[in-house]
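Novice: A predicted structure for the sequence below; I have some questions about it.
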Amino acid sequence: MLIGYIGLLLLALVVILAGAELFTNALEHVGQRLNLSEGLVGSVLAAVATALPETVVPVIAVFFGGADRAVREDIGVGAILGSPLMLITLAMALIGLFTGMQRGWNTPLKPEISGVLRDLGYFLVAYAIALIGLYVPRPSGGIHAMAGFCLVFLYAYYVYNTVQASSMLVTKGHGTRADSPLHLHHLGLPHAPLWEACQLLIGLALIIGGAKLFVIGVEAVGAATGISALILSLVIIPIATEMPEKFNSILWVRRGKDTLAFGNVTGAMVFQGTLLPAFGLQLSAWTPGYQVLWAMGLSFAAALWTLFLALRRKLTPLALMVNGSLYVLFFLVIIRS
């Protein structure tokens with residue numbers, strides 16, 4: 001029985017990754033067609049696309065999960081907090097690992113630095129609001145709803161800032177270029193805006209379907225093993241749903257597209273650090289528990305470390321291994337709890 005549930009998780013992962021690949025491939029062509037900067041495509045378009053799995057999972061878990069509301073909310077909160085932690089620690093470490101082997105461990109990576117600083121700054125402000133929300137007692141008289149509104153507004157303003165910077169970055173040589181043809185073009189379909197839109201919609205449908213399968217699988221594994229749904233969602237869901245960001249960023253950084261690689265990760269962090277906590281703040285499970293505080297605390301630490309490296313222009317592969325060590329620490333703590 002357990003093997004069957006694990007097989008369901010793997011199937012869901014394949015569906016999610018296939019959807020994300022179709023989605024991001026189409027987005028690269030949209031970015032090139034519209035003459036958008038790599039920063040805008042990486043931090044907003046690609047980040048939103050590859051963040052869709054981890055965005056959809058908590059919503060589906062809370063509203064369309066099993067009969068136990070507490071379990072559904074635990075899965076939702078775990079998925080919300082585990083995703084940015086996974087990005088700022090493990091995803092950054094993987095970028096460092098693959099570039100270290102290719103370029104040398106002390107050779108700094110060269111993303112468009114203003115975009116990295118902007119993304120990390122917005123993320124830290126948003127996560128501070130979400131952290132404070134943990135300690136507001138319920139009923140809060142609308143405080144949680146107001147905090148959620150502030151986070152949504154913050155993301156909208158972030159997108160506005162990124163769009164404003166796009167045209168300037170294009171003139172500096174940071175325009176987006178697609179490396180491969182549209183996937184639907186391999187089927188003999190013409191390379192046109194209509195088919196780019198169709199591929200985007202197909203990718204989105206696969207991502208949502210895979211997310212639903214994954215929620216079902218996590219609930220089943222939790223019931224079969226007795227492992228807490230919160231722990232499963234803090235560890236297993238992010239590993240699976242963050243695969244698009246990791247995979248795309250590794251491909252981009254190996255091709256020398258450091259801006260796209262970092263933007264895909266840090267832009268997804270802003271998306272997940274604003275809109276998802278805005279939803280999580282409305283859940284009764286949004287409380288300062290042991291696992292929750294560890295996840296948020298290490299996310300802060302890793303983001304501050306990366307911000308320090310970016311300010312010093314010291315984003316070396318070796319320095320990014322520190323991010324990975326923070327994830328190892330989190331994993332050891334959470335497994336023992």
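Specialist: Here it is on my side, so go on. Numbering: from 1, shown residues only.

Novice: For burial, what's the neighbour tally of Ile6?
Specialist: 14 (other CB atoms under 10 Å). To be clear about C-beta, it is placed using only N, CA and C from the backbone, and glycine gets the same treatment.

Novice: Let me see the confidence value for it.
Specialist: On the pLDDT scale, Ile6 is placed at 76.

Novice: Any figure for the gap between Ala310 and Thr89?
Specialist: 16 Å (CB to CB, to the nearest Å).

Novice: One more: Leu34?
Specialist: As defined by CB to CB, Leu34 lies at a distance of 33 Å from Thr89.

Novice: So those two - more neighbours on which side?
Specialist: More crowded of Leu34 and Thr89, by other CB under 10 Å: Thr89, with 28 against 13.

Novice: Regarding Ala278, what is its secondary structure?
Specialist: When classified by DSSP: H, G, I helix; E, B strand; the rest coil, Ala278 comes out as helix.

Novice: Verify the stated contact: it with Gly148.
Specialist: Yes - using CB atoms under 8 Å as the test, Ala278 is close enough to Gly148 to be in contact (3.8 Å).

Novice: who has more neighbours, those two?
Specialist: More crowded of Ala278 and Gly148, by other CB under 10 Å: Ala278, with 25 against 21.

Novice: can you pull the contacts of the more buried one?
Specialist: Going by CB atoms under 8 Å, 6 or more residues apart in numbering, Ala278 touches Ala147, Gly148, Phe149, Leu151, Val152.

Novice: same thing but at 7 Å, please
Specialist: Gly148, Leu151, Val152 (CB atoms under 7 Å, 6 or more residues apart in numbering).

Novice: Then Trp195?
Specialist: By CB under 7 Å, 6+ apart, the contact list for Trp195 reads Leu182, Leu184, Leu189.

Novice: Between these, identify the one with the most neighbours.
Specialist: Within the contacts of Trp195, neighbour counts (other CB under 10 Å) peak at Leu182, which reaches 22 neighbours.

Novice: Tell me the confidence at that one?
Specialist: pLDDT for Leu182: 82.

Novice: Could you export stretch 114-125 as CSV, CA atoms only?
Specialist: Only the C-alpha atoms of stretch 114-125 are listed here, as CSV (Å, rounded to 0.1, in the frame of the first residue of the first chain):
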residue,chain,number,x,y,z
SER,A,114,20.1,45.3,-8.6
GLY,A,115,17.4,42.7,-9.3
VAL,A,116,18.8,40.3,-6.7
LEU,A,117,19.0,43.1,-4.1
ARG,A,118,15.4,44.2,-4.9
ASP,A,119,14.0,40.6,-4.7
LEU,A,120,15.7,39.8,-1.4
GLY,A,121,14.7,43.1,0.1
TYR,A,122,11.0,42.6,-0.7
PHE,A,123,11.2,39.0,0.6
LEU,A,124,12.6,40.0,4.0
VAL,A,125,10.0,42.8,4.5
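
Novice: Any buried residues in it, and which?
Specialist: Within stretch 114-125, the residues scored as buried using 16 or more other CB atoms under 10 Å are Gly115, Val116, Arg118, Asp119, Leu120, Tyr122, Phe123, Leu124, Val125.

Novice: For it, give me every contacting residue.
Specialist: Contact with stretch 114-125 is made by 39, 43, 154, 158, 161, 259, 262-263, 266-267, 269-270, 273, 303, 306-307, 310, as judged by CB under 7 Å, 6+ apart.

Novice: Need the mean per-residue confidence for it.
Specialist: 94.

Novice: now do stretch 266-281
Specialist: 90.

Novice: got the CA positions of that stretch in CSV?
Specialist: Coordinates of each C-alpha in stretch 266-281 appear next as CSV, following Å, rounded to 0.1, in the frame of the first residue of the first chain:
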residue,chain,number,x,y,z
THR,A,266,14.6,35.0,-5.8
GLY,A,267,11.5,36.1,-7.8
ALA,A,268,9.8,32.9,-6.7
MET,A,269,10.8,33.7,-3.1
VAL,A,270,9.0,37.1,-3.3
PHE,A,271,5.9,35.5,-4.8
GLN,A,272,5.9,32.8,-2.1
GLY,A,273,6.9,35.2,0.7
THR,A,274,3.9,37.6,-0.1
LEU,A,275,0.9,35.9,-1.7
LEU,A,276,1.2,32.6,0.1
PRO,A,277,1.7,34.0,3.6
ALA,A,278,-1.2,36.4,2.9
PHE,A,279,-3.3,33.2,2.5
GLY,A,280,-1.6,31.4,5.4
LEU,A,281,-2.3,34.3,7.8
